[in-house]
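[1] Test case, fold it:
(2 chains)
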2 protein chains.
Amino acid sequence: MAKRYMEVACRKQSLVCLAADRSTMAGLNQLIDEVGQHIAALKTHVDLIDDWTAESWAAFCTKAQTSDLLIFEDRKFADIGKISRNQMAGIYDIRSWADLVTAHLISGPDIVDGLQAGWTDVNRHGGVLLLAQMSSRGNLLSPQYTTLVVEKGKAHDGVFGFIGNGSRPNELRDLRKAVGEGKMIWTPGVNLVVGDGEMGQRYGDPAQAVAAGSDCIIVGSGIHKAENPAQEAAKYAAVSWQALQMR
Amino acid sequence: MAKRYMEVACRKQSLVCLAADRSTMAGLNQLIDEVGQHIAALKTHVDLIDDWTAESWAAFCTKAQTSDLLIFEDRKFADIGKISRNQMAGIYDIRSWADLVTAHLISGPDIVDGLQAGWTDVNRHGGVLLLAQMSSRGNLLSPQYTTLVVEKGKAHDGVFGFIGNGSRPNELRDLRKAVGEGKMIWTPGVNLVVGDGEMGQRYGDPAQAVAAGSDCIIVGSGIHKAENPAQEAAKYAAVSWQALQMR
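    Sure thing, here's the model as predicted:
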């Protein structure tokens, strides 16, 4: 999956994943139409779509594929392996369309095997991004916790990479050192307007994040709340790509 | 919600929550019909039901209410507060029928506010059970982590209680000391046949779990895989209730 991501990123010259924070199918489809050519991946929360149906979601996934995008379901799986495997199925059937999913390692490494078994059940491949850092207030991902996640995650073939926080470049640089070059680091919390943010969220600069070792910047409101999302997405793509060349 | 649970438990003379590990609506409904009178709560994974529809689920919830049962969705929420609030809605609309949900505190205490806001959005009340201990292999809920979860959870009105592991009575006793009497402790991993278990799972004794401080024993295969589930559920109810009287 790392190879596939880098191929898409190269074709588009973009390390941008758009956090598609829309609650309707029309909103999601519009986002792809507007900015699809500038982004390498799309981060979804399938369970937040008010008018979700299996048919409309299938159409959306086809559109994403046509637009040469990885689909990244930010499910934050956090149960034991056996349950997580089954949670990949169900009504949403995440295993059948997600290329990447997030998981906490809190319940133990068997969760990665469970999620991989979910993909195998439908003859697909996918990658797990483990939460290594978060920026939310009072979170319990201590440096010790992060170290354990990285240690266990590095050793696991089913792990695509780690979620590292983009708002603190120094911590991100430390994370890159710990991770090495064998796994991805994807980073939410970046915005060209640093410091801007809803509900006190602190953003980091995209170029700084890539310089510090990020392989993909996850951008939400910075793109989808812009007056001209396509133009803004192109900017993020250019900045991220340039920062990669200079790394 | 603690008051409501204790009222149900008293009426049924049972501290038993059945882990309803069935993947069809018919299987779930059958379980309630068979053992409903002996259990105080039913633990669900709504996203594991293969033939889920909004209508069939509504009928199931009505049946649970008629059977005087709390519905406990073991979702293991693990995102930030704002996302978790929205995850209570969506297709499954958990906020509209769950009396209790599980959450990890890993992303910070705002998750509890988010989940409570979800219930408030539909004028309902509910309680959050925080994962304080797990028994899964290689889990990262260290004693330090458990201490932090208990500390933050005790101080939060929206927290109904904690999930503590039933297979190690000594650890459960320590958890009860840390929690005090202000919050619930619910315990999975119990079975009348101690040591029995799928995939190497180790079970604890229900009477010992209650003696050690458990307010509710969560029983799965011990009941639903029995030849006579009703008879077995009655046994678990009697054992748990007797242990409570002797505590």
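
[2] Which stretches in chain A count as helices?
    For chain A, the helices defined by DSSP state H occupy A:2-12, A:25-35, A:54-66, A:81-87, A:110-121, A:143-154, A:169-179, A:206-211, A:221-224, A:229-245.

[3] what's the angle from the first one to helix A:229-245?
    Taking axes from the mean of the first three to the mean of the last three Cα atoms, to 10 degrees, one finds that helix A:2-12 is oriented at 120 degrees with respect to helix A:229-245.

[4] Summarise which helices and strands helix A:2-12 is packed against.
    On a contact count with 3 or more Cβ pairs under 8 Å, 6 or more residues apart in numbering or on different chains; DSSP states H and E, helix A:2-12 meets strand A:70-77. All C-beta spots, glycine's among them, are computed from the backbone N, C-alpha and C.

[5] mind listing what the strand it packs on pairs with, with the direction of each?
    The strands beside strand A:70-77 in its sheet (DSSP bridges) come out as strand A:41-44 (parallel), strand A:100-103 (parallel).

[6] what's the angle from that strand to helix A:54-66?
    If you take the same axes, to 10 degrees, strand A:70-77 sits at 130 degrees to helix A:54-66.

[7] so which of the strands paired with strand A:70-77 is the most packed in?
    Scoring those by mean neighbour count under mean count of other Cβ atoms under 10 Å in any protein chain shown gives strand A:41-44 as the most buried, with a mean of 25.

[8] what's next to that strand, contact-wise?
    Under the criterion Cβ atoms under 8 Å, 6 or more residues apart in numbering or on different chains, residues A:5, A:8, A:16-20, A:28, A:31-32, A:64, A:69-74, A:98-100, A:216, A:218 lie in contact with strand A:41-44.

[9] From A:Ser214, how far out is A:Arg173?
    For A:Arg173, the distance to A:Ser214 equals 10 Å [Cβ to Cβ, to the nearest Å].

[10] same deal with A:Gly153?
    A:Gly153 is 16 Å from A:Ser214, by Cβ to Cβ.

[11] who's more crowded, the two?
    Between A:Gly153 and A:Ser214, counted using other Cβ atoms under 10 Å in any protein chain shown, A:Ser214 has the larger neighbour count: 31 against 24.

[12] Now do the contacts for that one.
    A:Leu15, A:Gly164, A:Gly166, A:Leu172, A:Ile185, A:Trp186, A:Thr187, A:Val190.

[13] who's the fifth one bridged to?
    What it means is A:Ile185. Judged by DSSP bridges, the bridge partners of A:Ile185 are A:Phe162.

[14] Surely A:Pro206 and A:Ala243 touch.
    Yes. Taking contacts as Cβ atoms under 8 Å, A:Pro206 lies within contact range of A:Ala243: 7.2 Å.

[15] And the two? Which one has more around it.
    Higher neighbour count among A:Pro206 and A:Ala243: A:Pro206, with 27 against 20, using other Cβ under 10 Å.

[16] For the least confident helix or strand in chain A by mean pLDDT, name the packing helices and strands.
    Taking mean pLDDT, DSSP states H and E as the measure, the helix or strand of chain A with the lowest value is helix A:221-224, at a mean of 92. On a contact count with 3+ Cβ pairs under 8 Å, 6+ apart, helix A:221-224 meets strand A:16-19, helix A:25-35, helix A:229-245.

[17] Kindly recompute the last result at 6 Å.
    Packing contacts for helix A:221-224, counted by 3 or more Cβ pairs under 6 Å, 6 or more residues apart in numbering or on different chains; DSSP states H and E, involve helix A:229-245.

[18] tell me which residues in the helix it packs on are buried?
    For helix A:229-245, the neighbour count (16 or more other Cβ atoms under 10 Å in any protein chain shown) marks A:Pro229, A:Glu232, A:Ala233, A:Ala234, A:Lys235, A:Tyr236, A:Ala237, A:Val239, A:Ser240, A:Trp241, A:Ala243, A:Leu244 as buried.

[19] got a pLDDT number for the fourth one?
    Per-residue pLDDT puts A:Ala234 at 97.

[20] got it, and the last one?
    Listed pLDDT for A:Leu244 reads 96.

[21] quick one: contacts for the closest residue to it other than its chain neighbours?
    Distances taken as Cβ to Cβ, 6 or more residues apart in numbering or on different chains place A:Val210 nearest to A:Leu244, at 5.7 Å, with adjacent residues excluded. With contact set as Cβ atoms under 6 Å, 6 or more residues apart in numbering or on different chains, A:Val210 has these partners: A:Ser240, A:Ala243, A:Leu244.

[22] still on that earlier bit, would you mind listing the outside residues contacting the least confident helix or strand of chain A?
    With Cβ under 6 Å, 6+ apart as the criterion, helix A:221-224 contacts A:Leu18, A:Asn191, A:Pro229, A:Glu232, A:Ala233.

[23] quick revisit: what separation do you get for the residue nearest to A:Leu244 and A:Arg4?
    From A:Val210 to A:Arg4 the distance is 20 Å (Cβ to Cβ).

[24] what's the closest of the contacts of A:Ser214 to A:Gly118?
    A:Trp186 (20.3 Å; Cβ to Cβ).

[25] you'd agree that closest one is up against A:Cys216?
    Yes. Using Cβ atoms under 6 Å, A:Trp186 makes contact with A:Cys216 at a distance of 4.3 Å.

[26] So between those two, which is more surrounded?
    Neighbours of A:Trp186 and A:Cys216, each counted by other Cβ under 10 Å, are more numerous for A:Cys216; the result is 30 against 25.

[27] okay, and for chain A, where does confidence drop off?
    Along chain A, the model assigns pLDDT under 70 to residues A:194-201.

[28] near chain B, which residues of it?
    Contact residues (Cβ under 6 Å from any Cβ of the partner chain) of chain A with chain B: A:47-48, A:52, A:76, A:78-80, A:86-87, A:90-91, A:104, A:106-110, A:134, A:136-140, A:148.

[29] Buried only: go through these for me.
    Applying 16+ other Cβ under 10 Å to the residues of chain A next to chain B, the neighbour count classes A:47-48, A:52, A:76, A:78-80, A:86-87, A:90-91, A:104, A:106-110, A:134, A:136, A:139-140, A:148 as buried.

[30] Out of these, name the ones that lie in strands.
    A:Lys76 (DSSP state E).

[31] Could you measure from A:Phe77 over to B:Ser135?
    Between A:Phe77 and B:Ser135 the computed distance is 18 Å (Cβ to Cβ).

[32] When those two are compared, which one has more neighbours?
    Between A:Phe77 and B:Ser135, counting by other Cβ under 10 Å, A:Phe77 is the more crowded of the two (25 against 20).

[33] wait, isn't that one in contact with A:Ala103?
    Yes. Counting by Cβ under 6 Å, A:Ala103 is a contact partner of A:Phe77 at 4.1 Å.

[34] ok, now how distant is A:Ile154 from B:Asp93?
    One thing to correct before we go on: residue A:154 is Lys, not Ile. The spacing between A:Lys154 and B:Asp93, counted by Cβ to Cβ, is 39 Å.

[35] hmm, I was thinking of A:Tyr92
    Counting by Cβ to Cβ, the gap from A:Tyr92 to B:Asp93 is 14 Å.

[36] neighbour-wise, which of those two wins?
    More crowded of A:Tyr92 and B:Asp93, by other Cβ under 10 Å: A:Tyr92, with 23 against 16.

[37] The more buried one: what's its closest spatial neighbour, skipping adjacent residues?
    Here the nearest residue to A:Tyr92 in space, its sequence neighbours aside, is A:Val46; by Cβ to Cβ, 6+ apart that works out to 5.0 Å.

[38] tally of neighbours for the one you found?
    Counted with other Cβ under 10 Å, residues neighbouring A:Val46 total 21.
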